[in-house]
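K.L.:
Sharing a model prediction with you, sequence too.
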Amino acid sequence: MSETADPRAFLVVSPGRNEAKFMRRTLDSMVAQTLRPTLWVIVDDGSTDESPEILAEYTAKHDWIRVIRREDRGHRAVGPGVIDAFYAGWDTIDPKDYTYICKLDLDLDLPTGYFEGLIHEMEADPRLGTCSGKAYYFDNTGAKVWERMGDEMSVGASKFYRRTCFETIGGFVREVMWDGLDCHMVRWHGWRARAFPGDALAFEHLRPMGSSQAGIHTGRRRHGAGQWFMGSDPLYFTATALWKMAHPPYITGGLASLQGFFGAWLKGNKQYDDPELRAYIRRYQRRTLLGGKTKAVAMAEAERADRAPRAVA
């Protein structure tokens, strides 16, 4: 159980740099929430645009918003840099003041009942350790496009956690694929991870997933290298890359992912330093290939269910 007096107390930490283009949409959607954060810590990671002025405007009106300013690192941080910025905010608070915590990007437009809905799901399932809604964006023609994601992983742009689960897994790993590895770690420790479908928890991603500032192919190569770090099964990853070739950017996106994965393998890049967890991830991925994701998730959760009572207590 949480040590907090308020069982629904929650913290949001948002790292961001040069988000002036999208930030007001996120800020306004947070102000409009039916259940607002107890505290929202926004880490301005050295912005050189109008972000500081916009943030000052909102902090003057809302005492539950706090801004931390970091020095300009000269570029937009991705992967481990984002997590470094997250911890710059996390290190300023006492985690025991909160039942739930969230890492939230500053390029999202959330439905008004978003956090109330996530907490409702947490309260309904004591084994649920992390969750989110699902993201969509509007393409150049104005069509609504759902980002491809399963039900078994909370979305990296909006990582909502039971604080005790977050502490149990040791927080976020400061490497690319932190937002995939964490959900495997959640199941490894006996919890569940979910992304809930449906309009009630759907949010608009104003900067579509995987759109690296250096180009989508750079993002795909980085993703492949991150999958190598996580310990993914080569056959499974090849199958997913081949599937991605049938989606934009056709052929080349999947090839870039494969280049990242096998390039990291050939270079002898490091992998996550828990061989037992890496074996657990590969076992889950092979089961996915053989029997489908739904069955593989159920088996992965059942395999570590003996840990759940200790984790929840």
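P.N.:
Looks like it came in fine. Numbers count the residues shown, from 1 in each chain.

K.L.:
So what touches the helix or strand G253 falls within?
P.N.:
Assigned by DSSP states H and E, G253 belongs to helix 252-267. Under the contact criterion C-beta atoms under 8 Å, 6 or more residues apart in numbering, helix 252-267 has outside partners 216-218, 220-229, 232, 234, 237-238, 240-245, 247. C-beta: built from backbone N, CA, C; applies to glycine.

K.L.:
just checking, F172 touches A85?
P.N.:
No - in terms of C-beta atoms under 8 Å, F172 does not count as a neighbour of A85; the distance is 11.1 Å.

K.L.:
could you point out which element follows the helix holding G253?
P.N.:
Next helix or strand after helix 252-267 toward the C-terminus (DSSP H and E): helix 275-291.

K.L.:
That next one: which residues count as buried?
P.N.:
277-278, 280-282, 284-285, 287-288 (16 or more other C-beta atoms under 10 Å).

K.L.:
Now render these as TSV, adding distance to S257 and pLDDT.
P.N.:
Compiled in TSV, these are given as follows (distance: C-beta to C-beta, whole Å; pLDDT from 0 to 100):
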residue	distance to S257	pLDDT
L277	22	97
R278	19	98
Y280	22	96
I281	17	97
R282	18	98
Y284	19	97
Q285	15	98
R287	21	97
T288	17	97
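
K.L.:
Let's have these in TSV, adding distance to D151.
P.N.:
As requested, the buried residues of helix 275-291 are exported to TSV (distance: C-beta to C-beta, whole Å):
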residue	distance to D151
L277	21
R278	23
Y280	19
I281	18
R282	21
Y284	14
Q285	16
R287	16
T288	13
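
K.L.:
mind listing the strands for the stretch 151-300 of the chain?
P.N.:
For the stretch 151-300 of the chain, strands defined by DSSP state E, counting those that start in this stretch occupy the ranges 158-162, 192-195, 203-205.

K.L.:
The longest one pairs with which strands?
P.N.:
Which is strand 158-162. Paired neighbours of strand 158-162 in the sheet (DSSP bridges): strand 100-104 (antiparallel), strand 128-132 (antiparallel).

K.L.:
Please apply the same query to the shortest one.
P.N.:
Taking DSSP bridges as the criterion, strand 203-205 pairs within the sheet with strand 108-109 (antiparallel), strand 135-138 (parallel).

K.L.:
So for D273, which of those sits nearest?
P.N.:
If you check each of those against D273 by C-beta to C-beta, strand 135-138 wins as the nearest, at 30.7 Å.

K.L.:
Tell me the helices and strands packed up against the helix or strand that the closest one is followed by.
P.N.:
Where DSSP H and E defines the elements, the next helix or strand beyond strand 135-138 is strand 144-146. Contact partners of strand 144-146 among helices and strands, from 3 or more C-beta pairs under 8 Å, 6 or more residues apart in numbering; DSSP states H and E: strand 135-138.

K.L.:
buried stuff in the strand it packs on?
P.N.:
Neighbour counts over strand 135-138 (16+ other C-beta under 10 Å) mark 135, 137 as buried.
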